[in-house]
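Undergrad: A structural model of the following input is requested.
(one chain, ligands or ions: 1)
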Amino acid sequence: MEALTLLLQRRSCAALGDPAPEGEALETILRAALRAPDFLRLRPYRFLLARGDGRRRLGALMAAAAEQSGRGADIVARAAGMPLRAPLVVVAVARHRPHHIVGRLEQQLTAGCAVMAMQMAAQAQGFGGIWRSGWPMFDRGLHQALGLDNDDQIVGFLYLGTPTALPAPPAAADPAAFITEL
Ligand SMILES: Cc1cc2nc3c(=O)[nH]c(=O)nc-3n(C[C@H](O)[C@H](O)[C@H](O)COP(=O)(O)O)c2cc1C
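TA: Predicted coordinates:
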């Protein structure tokens with residue numbers, strides 16, 4: 001797919017089924033993540049892959065975390081099934097590397113760019129995906145259950161698979177509305 005077409009026509013897709021990207025396709029997606037802009041190449045990220053039964057394990061951890069942090073019964077009930085909405089869920093983690101020049105925000109932005117790079121690499125290969133957050137992104141109990149450090153921050157759950165329904169084309173937007181000339 002031509003680069004500008006991908007940039008301008010990219011769409012998120014929430015309706016995802018098998019197959020998930022795997023093998024070389026998944027490797028390409030992960031390589032794209034590692035090409036995210038990265039000040040002083042600190043590589044301030046980590047990616048947890050949940051596929052197959054791994055999605056069930058992630059869902060069980062989410063349900064336990066929801067219960068532990070006192071969320072409502074409906075949220076607890078829904079949590080276990082959340083990772084089952086796609087055949088592959090990439091938990092993208094900003095792994096903070098204390099540094100006197102590169103701050104936390106810059107490092108988290110790198111991890112966020114990696115999420116978008118993965119989504120684009122997936123779409124370029126005919127897959128679809130959606131970047132999700134919600135309460136699990138901020139739940140420290142879930143971070144702990146996933147073995148993350150206190151300083152780590154989940155920056156997204158990237159759901160990937162094969163689109164089962166095509167999203168509508170992107171709405172036209174006028175850049176002028178968001179521009180201020182200095
Ligand atoms: C950091 C971040 C978190 C997001 N979290 C969610 C989410 O939890 N649920 C959701 O439906 N969309 C979420 N979105 C938005 C979707 O990923 C997507 O961008 C949106 O549905 C618009 O679709 P489009 O990307 O095709 O324009 C999030 C986006 C970002 C950047």
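Undergrad: what separation do you get for the spatially closest residue to R104 that is not a sequence neighbour and D38?
TA: Nearest residue to R104, sequence neighbours excluded (C-beta to C-beta, 6 or more residues apart in numbering): H96, at 5.8 Å. Just so you know, the C-beta spots here come from the backbone N, C-alpha and C atoms, and that holds for glycine as well. As judged by C-beta to C-beta, to the nearest Å, H96 and D38 stand 14 Å apart.
Undergrad: intersection of neighbour lists for the two?
TA: Here H96 and D38 share the contacting residues P44, scored by C-beta atoms under 8 Å, 6 or more residues apart in numbering.
Undergrad: what's the neighbour count on the residue nearest to R104?
TA: Look at H96: counted by other C-beta atoms under 10 Å, it has 19 neighbours.
Undergrad: ok so it is a strand residue?
TA: No. The assignment for H96, made by DSSP: H, G, I helix; E, B strand; the rest coil, is coil rather than a strand.
Undergrad: and it, its phi and psi?
TA: Torsion angles at H96 (phi, psi; degrees, to the nearest 10) stand at phi -70, psi 130.
Undergrad: show me the beta-bridge partners of the spatially most central residue of the chain.
TA: Centroid-nearest residue in the chain, with C-alpha atoms, centre = their mean: L158, separated by 2.9 Å. Beta bridges link L158 to V90, W131 when assigned by DSSP bridges.
Undergrad: that one reaches A117, doesn't it?
TA: No. Using C-beta atoms under 8 Å, L158 is not in contact with A117; the gap is 10.2 Å.
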